[in-house]
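Enquirer: dropping the sequence and predicted coords here.
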Number of protein chains: 2
Amino acid sequence: MTTLLTNIGLLATQDAGIGELTDAVVVLDGDRIGWVGPASSAPAADDAVDVGGRAVIPGFVDSHAHLVFSGDRATEFAARMSGQPYAAGGIRTTVAATRAASDEVLRANVARLATEMLQAGITTFECKSGYGLDVPTEERALRIASEFTPETTYLGAHVVPADTPRDAYIDLVCGEMLAAVTPHSKYVDVFCEQGAFDGDETRQILNAGIEAGLIPRVHANQLSEGPGVQLAVELGAASADHCTLLSDTDIDALAGSSTVATLLPLAEFSTRAVYPDARRMIDAGVTVALATDCNPGSAYSTSMPLAIALAVRDLRMTPTEAVYAATATGAQALRRDDVGVIAVGKRANLVVLDAQSYIHLAYRPGVPLISQVWQNGRRVV
Amino acid sequence: MTTLLTNIGLLATQDAGIGELTDAVVVLDGDRIGWVGPASSAPAADDAVDVGGRAVIPGFVDSHAHLVFSGDRATEFAARMSGQPYAAGGIRTTVAATRAASDEVLRANVARLATEMLQAGITTFECKSGYGLDVPTEERALRIASEFTPETTYLGAHVVPADTPRDAYIDLVCGEMLAAVTPHSKYVDVFCEQGAFDGDETRQILNAGIEAGLIPRVHANQLSEGPGVQLAVELGAASADHCTLLSDTDIDALAGSSTVATLLPLAEFSTRAVYPDARRMIDAGVTVALATDCNPGSAYSTSMPLAIALAVRDLRMTPTEAVYAATATGAQALRRDDVGVIAVGKRANLVVLDAQSYIHLAYRPGVPLISQVWQNGRRVV
């Protein structure tokens, strides 16, 4: 089964070889891209869909999200917006609700947010644990997450739970809990931050995960300058996430590495925090990705379009850089080479925008511009 | 025909007498609200709609929008976001496209954006002219706008067009153009700003409009401190709009007046400008409204939900204040007493949110939360 998408106003492939094309067509061949090129030389296909001159981009790749939880922290949000600072301890509210929730409740929450993500144009997403903080709930979280996405991240090291001594908890995270979650996990992640885990603890936990075959990623330098970024680079992490407060040494380390700096402006938006300086990073040669950080505490949003608009306004990325960061480098942050670009052989994951250009994602902030979403060759929105 | 909205999780009426109710019902009686109160004492109705525990608020009132135009300024936006400042002169690009457009093109543009507004929960909107800047196009703009809303504003004094000498243009705005648009206009507005119109010119134009029976409003203190706010108060304007740069004297003038300060954070968002300080204004007793400023140059968005989220994050309003400003005081900025609140006798304009509380409009930024929209007693979204 092949499907021809025709009458594409602007095709922004995010592929260096193809670049941006006007008056282009894309052929979907099963779950893959079969052909990309000018309308004038398009091959025949079983079916054709006229997208009416709209712009087409790859489906967004959201490489950082926390979707396995129960409950809501709207009241905490309203209080914070009236002047109280964000503290990592707020995570514990969600931990209590998540531990108490059944598998069905947790599954329904992931399903609801995965649907929201599709409607926001996200066709590939990562999902972390980290609201269990005990062996059974972390295991449940990753088992349920893996029903929805292969990009599952073990974040037992989110914070130390109130009911477990610190040393004992770190032993658990590196031992019994790790063993329980490994069958359902692709990555290991640590919240390396004051109030969460320090540099030595982070190194110990990531190394345990690496030993178990997981790929490291790090919540690094969100609320303070710390060792997170340099540890991420040292251990070959796929991604260092947040990166709001970086020294020149951090920037140099990232620029010389294969570690992606994943920026999460919806978190700074929702915590009224300082935004990361993407301009400085990109100018220094750092590879930058954008992700939602969707979670109930500090960024309860699945809106990659708003993340892009914020990246342009407040992180000083160009619209072109922001869309690239939400697609091609999002894939790089997940070590995926089959998504995030529109090119022959890649997964047929596409977003048709209700606009002539992807610039409108930033130019028309807050306006729902996701007109169609195709995932693995099937139209899902 | 009466319709009962039942199973409302939180009803935020924006009416001081009723306040916020849980487990409330609303009866729509024709195009008006017939009854509001606890579910336990609800009257009978012809029909019932279960809103599933969702929050209900009044339809948003958008008191500042520029919808009669043709063309798009995405390229200018992308350039500005790469470092070029916003200048009022960019308006002239849209003027050329608007003059060249047929009535049908202009009507289709307003219709498209009015539909977008409904989908964003806006059930009452104002619409300005100001992209014609000649007699026939200003007249066409207001005639077409009045097909969609009674809240039409003559903004011939947007900028001086390149093809007319300054003094001659001001004479035109106060004379022949005013006479042509008055049958289709409720308000007169002036862009009082460096590069647009100074204080004396603003006073002259507003007085001419008042003489013709129009209600004054002013684009005031957007890009620089100027005489706009104090002129607005002096002339009894319904609203002083933008108010990003205010002196203590400006604040005092507003606080002692019936002039609403209408804040337009989507404009500061899209021009990377400093946000107005709503906290300072509210604490000083100023009545603050929120509006979209939807226009193709400096704020191409119909998203009142994003305006609310920005008001909370960057203007330091509480979620409660922001929703009030987008409904009840929006109505006040249009001198309307039949919209913006949910109370008996008011228009049956309601938004059902896909959330338990209106807090989620700020807590879940960018997420489409408009579940149902009722306008004049009919479900339209």
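Expert: Perfect, I can see it now.
Enquirer: switch to C-alpha atoms for all contacts and neighbour counts from now on
Expert: Noted.
Enquirer: near chain B, which residues of the stretch 51-200 of chain A are found?
Expert: Neighbours of chain B within the stretch 51-200 of chain A, by CA under 8 Å from any CA of the partner chain: A:74, A:77-78, A:81-82.
Enquirer: for ChimeraX, write the select line for the buried members of those residues.
Expert: This is the ChimeraX syntax for the buried subset of those, where burial follows 16 or more other CA atoms under 10 Å in any protein chain shown:
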select /A:74,77,78,81
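Enquirer: now the residues of the stretch 51-200 of chain A next to chain B in TSV, with secondary structure?
Expert: Supplementary listing: these in TSV, determined by DSSP: H, G, I helix; E, B strand; the rest coil:
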residue	secondary structure
A:74	helix
A:77	helix
A:78	helix
A:81	helix
A:82	coil
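Enquirer: and of the residues of the stretch 51-200 of chain A next to chain B, the nearest to residue B:133?
Expert: residue A:81 (42.4 Å; CA to CA).
Enquirer: pretty sure residue A:218 sits in a strand.
Expert: Yes: under three-state DSSP, residue A:218 falls within a strand.
Enquirer: tell me how many other residues crowd it.
Expert: For residue A:218, the neighbour count with other CA atoms under 10 Å in any protein chain shown is 27.
Enquirer: and it, how close does it get to chain B?
Expert: 25 Å (CA to the nearest CA, to the nearest Å).
Enquirer: repeat that for residue A:143.
Expert: Residue A:143 is 26 Å from chain B, by CA to the nearest CA.
Enquirer: residue contacts, the closest residue to that residue other than its chain neighbours?
Expert: Sequence neighbours aside, residue A:184 is the residue nearest to residue A:143 in space, at 5.5 Å (criterion: CA to CA, 6 or more residues apart in numbering or on different chains). Shown in contact with residue A:184 (CA atoms under 8 Å, 6 or more residues apart in numbering or on different chains): A:139, A:142-143, A:146, A:152.
Enquirer: flag the least confident of the residues of the stretch 51-200 of chain A next to chain B.
Expert: Note: of those, the lowest pLDDT belongs to residue A:82, at 85.
Enquirer: so what pLDDT did residue A:80 get?
Expert: 89.
Enquirer: can you report how many residues lie near it?
Expert: Neighbours around residue A:80, by other CA under 10 Å: 17.
Enquirer: quick one, phi/psi of residue A:51?
Expert: phi -90, psi 10 (degrees, to the nearest 10).
Enquirer: am I right that it is in contact with residue A:6?
Expert: Yes: here residue A:51 reaches residue A:6: they are 6.2 Å apart, a contact under CA atoms under 8 Å.
Enquirer: now do the contacts for residue A:297.
Expert: Counting by CA under 8 Å, 6+ apart, residue A:297 makes contact with A:72-73, A:77, A:90-91.
Enquirer: closest one of those residues to residue B:228?
Expert: Out of those, the member with the shortest distance to residue B:228 (by CA to CA) is residue A:77, at 35.8 Å.
Enquirer: phi, psi for the nearest residue to that closest one once chain neighbours are set aside please.
Expert: Once flanking residues are discounted, residue A:77 sits nearest to residue B:363: 6.5 Å by CA to CA, 6+ apart. Backbone torsions for residue B:363, taken as degrees, to the nearest 10, come to phi -70, psi -30.
Enquirer: so the most centrally placed residue in chain A versus residue A:110, what's the distance?
Expert: Centroid-nearest residue in chain A, with CA atoms, centre = their mean: residue A:63, separated by 2.3 Å. Distance, residue A:63 to residue A:110, by CA to CA, to the nearest Å: 15 Å.
Enquirer: take the contacts of residue A:297 and keep only those in strands.
Expert: Using DSSP state E, no member of those falls in strands.
Enquirer: quick check: the farthest pair among those?
Expert: Within the contacts of residue A:297, A:77 and A:91 form the most distant pair, 12.4 Å apart (CA to CA).
Enquirer: look up how far chain B lies from the residue of chain A most remote from its centre.
Expert: In terms of distance from the mean C-alpha position of chain A, residue A:40 ranks first, at 36.6 Å (CA atoms, centre = their mean). As judged by CA to the nearest CA, residue A:40 and chain B stand 27 Å apart.
Enquirer: can you give me the helices for the stretch 251-381 of chain A?
Expert: For the stretch 251-381 of chain A, the helices defined by DSSP state H, counting those that start in this stretch cover A:265-271, A:278-283, A:304-313, A:319-326, A:328-333, A:360-363.
Enquirer: can you lay out the ones you listed as JSON lines showing distance to residue B:353, mean pLDDT and mean neighbour count?
Expert: Below are the helices of the stretch 251-381 of chain A laid out as JSON lines (distance: least, CA to CA, whole Å; pLDDT from 0 to 100; neighbours: other CA atoms under 10 Å in any protein chain shown):
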{"stretch": "helix A:265-271", "distance to residue B:353": "19", "mean pLDDT": "97", "mean neighbour count": "25"}
{"stretch": "helix A:278-283", "distance to residue B:353": "34", "mean pLDDT": "98", "mean neighbour count": "18"}
{"stretch": "helix A:304-313", "distance to residue B:353": "19", "mean pLDDT": "98", "mean neighbour count": "28"}
{"stretch": "helix A:319-326", "distance to residue B:353": "28", "mean pLDDT": "98", "mean neighbour count": "26"}
{"stretch": "helix A:328-333", "distance to residue B:353": "31", "mean pLDDT": "98", "mean neighbour count": "28"}
{"stretch": "helix A:360-363", "distance to residue B:353": "23", "mean pLDDT": "98", "mean neighbour count": "28"}
